[in-house]
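Q: with the sequence up front, the predicted model follows.
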Amino acid sequence: MSEQIENENMVLLSASYDGIEKKACLKFYDEKTNTIKLWYDSSEHKPYCLVKKDTDEKLLETFKNEDKIIIEETKKIDLLNDKEENMLKIIADNPLIIGGMPGRSIRDRVVAWEADIKYYETYMYDKSLIPGIYYKIKDNQIIPSKFTTPKETNDMLQKGIENADDDIKEKINEWAELLSQPLPSIKRVALDIEVQSDKMDRFPDAGEARYQIISVGFAASDNLKQVIILRRNGIELGTNELEKDIDVIFVDDEKTLLENVFKIIRNYPCIITYNGDDFDLKYIYNRAIKAGIKKEDIPIQLGRIEANLKHGIHLDLYRTFLNRSIQIYAFGNKYSEHSLNAVSKAILNKSKIEFTGEIGQQTYYHLARYNFNDAEITLELTSFDGDLLMKLLLVISRITKMPINDLSRIGVSNWIRSMVYFEHRKINALIPRKDELAIDDDELKEMSSEAVIEGKQYQGGMVLEPKIGVYFGVSALDFASLYPSIIKVNNLSYETVRCKHKEHRENLIKGSKHWICDKRRGIISLLVGSLRDIRVNYYKPLPKMEGLSSDEKNLYSVVSQALKVILNASYGVLGAPIFPLFFLPVADSTAAIGRNIITETVEAARNNNIEVLYGDTDSLFIKSIDQNEIDNLISWSQKNQGVDLELEAKYRYAVFSERKKNYIVVKNDGQVIIKGLTGKKSHIPLFVREAFYEAIERLGEAETEKDFEKVKTEIRNIARESNKLLKEDKVPIEKLAFRMMLSKSTKMYKTTIPQHVRAARLLEEHNREKGDIEVMKPGDIISFVKTIGGVKPLELAKIREIDKKKYEEIMKSTFDQLLGPLGYSFDDILGVTRLEDLFWSSKTEN
DNA sequence: ATCTGTGGCCACCAGC
DNA sequence: GCTGGTGGCCAC
């Protein structure tokens, strides 16, 4: 049922294989009509393999030695229709199979075909389709839409990359064309359901779907705000505290409720949920089947890992926010727990609505308010900051060649895999299998650097010994995208590091046993290098350019963020055994060159009489704010190392202790930046953290060295005040709670039982006695307090059980990290306080 | 089924 | 009481 669509600009969202139609099904988003256009491609596309007469060994040899492997078409195997024995015969006659899913051997291809899941990869490659960009369909042909970049920005790009190598330059221009396309705003609806479960079963199984759905909330980008409520016996209406524009619809039976839900879903090309894969959509589907609704009338399609829409796409934000790259690089590690409440609190500063008792016993209006609120914050997670998340996904989709519904559910190693494989196919290069890149364990150990931390695979970044003290007039310098720069400049890639050419074995990397090919550009080096250059020289400075519209600025900063995510991951995956192109020598070489670069730069600084105070991996702190000295160092580095050293900031003063990764810097405007100190860590009690931050603020007030006396007095007052509150039991117990994440379920801790696990077990036991069998899961956060003789979960502890001495110790160690480098100690400061305290408490006792 | 890396500090556990 | 090892959080 191929639909004729003409002359429209549509964004390609996803591609899948329709097993019934035996056709490719493409989903395009049409911005004009706000709908998904389904496109069944009736042109022939069969999964096939090209066969080339050769042997594996011979080809591998060639692969390492030649500039490029060109695949020649000699014979096709039709994987879908050929009989297996026939295929095997062809394979026997032609031992090497390349192509079909180009680059992969027939074994991989057959496996991929059977799994059905990689279909879009081969289809999209064959048709030269890239998800996330605009197309027209005309005369049954899919034609990419053309967008031209504004002249000013293009000029800036060309100027920024004029010194790049030709191959990199070409690639950068290709990226620029792809990434400067406008970003569509996708019409979407967020959905959340509530289920009539009882207390004993707080997380009902969606496969079983035992309880009826009592409420479904909707919040959409076109301002639809609706809750559908199931009428039940004995439930009161309650008071209507909902905003006026929220529709509450009552229905009498679940089937009608579900039909209403489906009617709404069908109006939207994109549906957003929080944990919809595992719960909401699965639950709805199974209840619909139970209610006797026919499969073909349900717009939901359940996959193995993903619940999808027949007419559109579904994004499960739970899976997206679980992604570590998204968490750290896109959202700056703002959230640490992955519940809807925790994420929305951290990002939107909005919470779920609280209620007591069971959800099934709430009044209708309270249920509606609770349910709608969940749907609304779910939607808002995609719409805050000008649809940031949606746009980020679309840009990542363009870079990695993956549909957003896929990439939003999987980890970054798979993004990079998709991006790198696409590039292989594009140049008709063979994609090596894992076993072809594998190195024998003993051999690998022999050739790799020794890690500083036992149990790690190789040595990483270098951390300089800090020079203890307070320094006024300090500059922070760092290398822009150091590891990607190294990969670019040194031509690092799995096929160029330790290449097969005898003559290159002399090109040893200093401090390592690896050598680098200088005959051809490595594929990883080209990809990572071009992405690095376009970010540093174009997308990063672009938003500052004058005369840009806010849409343009927004696009550029989103692209910059997406590139940051990809670049940060691309080095890491090469050292990750799970990555299909894992090749440790590349990661090892990258880090080794990084250590060389920072060492040489420190040396160069010394030669120029610049004192280096501290440095970590790609950053240096120098005791100078002289622009000339800084510029000299920067140009030295550019000239001798080919990497971009940049001035990050000049600081009024900096404080270093003997501890690495622990320091304080103060900007000229008084803003204080703390790194690594215990006082800022998220697991310590709020009571300690608040006092710590108050003290930190005082540091911002110090303009010169002699101001520290005053600061000291003020910090003393803060410490004294806090201690007093603690002694008088005036600190609310919640503020005394440690909060720590469980990385395993409590039963899985075997070697030692840490305190937070003890607390978690106590809590589980307590709940079990109440009849609640729910246990704590990996990723859950346990709040506990230190009591005399041990720990207790926050919920079960009384204020009088608190071990005040322990908390005083924590205050001491936290404050000492701050005071030590300033030449004071907590005991000095509190020594004064203690006398007063004594005086004070004896007075009250009397 | 899913999973990017190493270096460093702190508090605590468990065994001696 | 000392000490090596574990687990969590952070810097890059």
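A: The structure has been received and is ready for your questions. Given the structure is predicted, the values throughout are model-derived calculations rather than measurements.

Q: how about the residues of the stretch 651-800 of chain A near DNA strand B?
A: Residues of the stretch 651-800 of chain A found near DNA strand B (C-beta under 7 Å from any atom of the strand) are A:659-662, A:676, A:678, A:751-755, A:758, A:786. (Each C-beta comes from the backbone N, C-alpha and C, glycine too.)

Q: can you pick the most crowded of the residues you listed?
A: For these, the largest number of neighbours (other C-beta atoms under 10 Å) sits with A:K786, at 24 neighbours.

Q: am I right that it is in a strand?
A: Yes - under DSSP: H, G, I helix; E, B strand; the rest coil, A:K786 sits within a strand.

Q: ok, it - contacts?
A: A:736, A:738, A:755, A:802-803, A:806-807 (C-beta atoms under 8 Å, 6 or more residues apart in numbering).

Q: do A:E376 as well
A: A:E376 touches A:190, A:217, A:219, A:225, counting by C-beta under 8 Å, 6+ apart.

Q: of all the residues you listed, which two lie farthest apart?
A: Pairwise distances across the contacts of A:E376 peak at 10.5 Å for A:A190 and A:K225 (criterion: C-beta to C-beta).

Q: any residues in contact with both of the two?
A: A:218-219, A:376.

Q: tell me, which of the residues of the stretch 651-800 of chain A next to DNA strand B make contact with DNA strand C?
A: Applying C-beta under 7 Å from any atom of the strand to these, one finds that A:661, A:676, A:751-752, A:754 fall near DNA strand C.

Q: okay if I get the residues you listed as TSV plus pLDDT, distance to A:I439 and secondary structure?
A: Below are those laid out as TSV (pLDDT from 0 to 100; distance: C-beta to C-beta, whole Å; DSSP: H, G, I helix; E, B strand; the rest coil):
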residue	pLDDT	distance to A:I439	secondary structure
A:K661	96	32	coil
A:G676	95	35	coil
A:T751	86	31	coil
A:T752	89	34	coil
A:P754	94	36	coil
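
Q: need these in CSV (columns: distance to A:D518).
A: Shown next, in CSV, are these (distance: C-beta to C-beta, whole Å):
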residue, distance to A:D518
A:K661, 36
A:G676, 40
A:T751, 48
A:T752, 51
A:P754, 51
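
Q: what is the nearest of those to A:P778?
A: A:P754 (14.2 Å).

Q: picking up where we left off before, out of A:A190 and A:K225, which sits in the busier spot?
A: More crowded of A:A190 and A:K225, by other C-beta under 10 Å: A:A190, with 29 against 19.

Q: read off the pLDDT value for the more buried one.
A: In this model, A:A190 is scored at 98, pLDDT.

Q: how much space separates it from DNA strand C?
A: 29 Å (C-beta to the nearest atom of the strand, to the nearest Å).

Q: residues in contact with that residue?
A: Contacts of A:A190 by C-beta under 8 Å, 6+ apart are A:218-220, A:271-273, A:375-376, A:378-379, A:382.

Q: A:I509: neighbour count?
A: 19.

Q: ok, what's across the strand from A:I781?
A: Here A:I781 sits in beta bridges with A:M741, going by DSSP bridges.

Q: that one and DNA strand B, how far apart?
A: According to C-beta to the nearest atom of the strand, A:I781 and DNA strand B sit 17 Å apart.

Q: that residue: what's it in contact with?
A: For A:I781, counting by C-beta under 8 Å, 6+ apart, the contacting residues are A:336-337, A:739-742.

Q: if we use 7 Å, what do you get?
A: Applying C-beta atoms under 7 Å, 6 or more residues apart in numbering to A:I781 gives the contacts A:337, A:739-741.

Q: over to A:E694?
A: A:I718.

Q: helix/strand/coil for it?
A: Assignment for A:E694 (three-state DSSP): helix.

Q: ok, back up a step: what subset of the contacts of A:I781 is buried?
A: Listed as buried from those are A:337, A:739-740; burial here means 16 or more other C-beta atoms under 10 Å.

Q: give me the low-pLDDT residue ranges for the stretch 451-600 of chain A?
A: Counting by pLDDT under 70, the stretch 451-600 of chain A contains no low-confidence range.

Q: got any ranges where the stretch 301-450 of chain A has weak pLDDT?
A: Along the stretch 301-450 of chain A, segments meeting pLDDT under 70 span A:428, A:430.

Q: near DNA strand B, which residues of it?
A: Checking the stretch 301-450 of chain A against DNA strand B by C-beta under 7 Å from any atom of the strand, the hits are A:304-305, A:323-325, A:328-329, A:409-414.

Q: neighbour-wise, give me the winner out of the residues you listed.
A: Neighbour max across those (other C-beta under 10 Å) = A:V412, 24 neighbours.

Q: how close does it get to A:P204?
A: Per C-beta to C-beta, to the nearest Å, A:V412 is found 32 Å from A:P204.

Q: all strands of the stretch 701-846 of chain A, in order?
A: A:738-741, A:781-787, A:790-793 (DSSP state E, counting those that start in this stretch).

Q: poorly predicted segments of the stretch 1-150 of chain A, please.
A: In the stretch 1-150 of chain A (pLDDT under 70), the answer is A:1-7, A:17-22, A:43-122.

Q: DNA strand B contacts on that one?
A: Residues of the stretch 1-150 of chain A lying near DNA strand B (C-beta under 7 Å from any atom of the strand): none found.

Q: near DNA strand C, which residues of chain A show up?
A: Contact residues, chain A versus DNA strand C (C-beta under 7 Å from any atom of the strand): A:328, A:333, A:336, A:461, A:478, A:616-619, A:661, A:674-676, A:680-683, A:739-744, A:749-752, A:754, A:756-757, A:781.

Q: which parts of stretch A:569-580 are buried?
A: Under the neighbour-count criterion of 16+ other C-beta under 10 Å, stretch A:569-580 has A:569-576, A:579-580 buried.

Q: got the CA coordinates for it in CSV?
A: As requested, the backbone C-alpha atoms of stretch A:569-580 are provided in CSV (Å, rounded to 0.1, in the frame of the first residue of the first chain):
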residue,chain,number,x,y,z
ALA,A,569,32.6,8.6,24.0
SER,A,570,34.6,7.8,20.9
TYR,A,571,37.9,7.4,22.8
GLY,A,572,36.4,5.4,25.6
VAL,A,573,34.7,2.8,23.4
LEU,A,574,38.0,1.8,21.7
GLY,A,575,39.2,0.7,25.1
ALA,A,576,35.9,-1.1,26.0
PRO,A,577,35.9,-4.8,25.3
ILE,A,578,32.2,-4.8,24.5
PHE,A,579,32.7,-2.4,21.6
PRO,A,580,32.7,-4.3,18.3
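
Q: ok, that stretch near DNA strand B or not?
A: Yes - contact of stretch A:569-580 with DNA strand B (C-beta under 7 Å from any atom of the strand) involves A:569, A:571-573, A:575-579.

Q: can you check stretch A:526-538 too?
A: No - if you take C-beta under 7 Å from any atom of the strand as the test, stretch A:526-538 misses DNA strand B, and the best it gets is 12.4 Å.

Q: tell me how far the nearest residue to A:P793 once chain neighbours are set aside lies from DNA strand B.
A: Nearest in space to A:P793, with sequence neighbours left out and distances taken as C-beta to C-beta, 6 or more residues apart in numbering, is A:L763 at 4.0 Å. Using C-beta to the nearest atom of the strand, A:L763 is found at 16 Å from DNA strand B.

Q: burial count for A:Y29?
A: A count of neighbours around A:Y29, defined by other C-beta under 10 Å, yields 25.

Q: who does it form a beta bridge with?
A: For A:Y29, the beta-bridge partners under DSSP bridges are A:V11, A:I36.

Q: can you pull out the strands in the stretch 401-550 of chain A?
A: Using DSSP E, counting those that start in this stretch, strands in the stretch 401-550 of chain A cover A:469-479.
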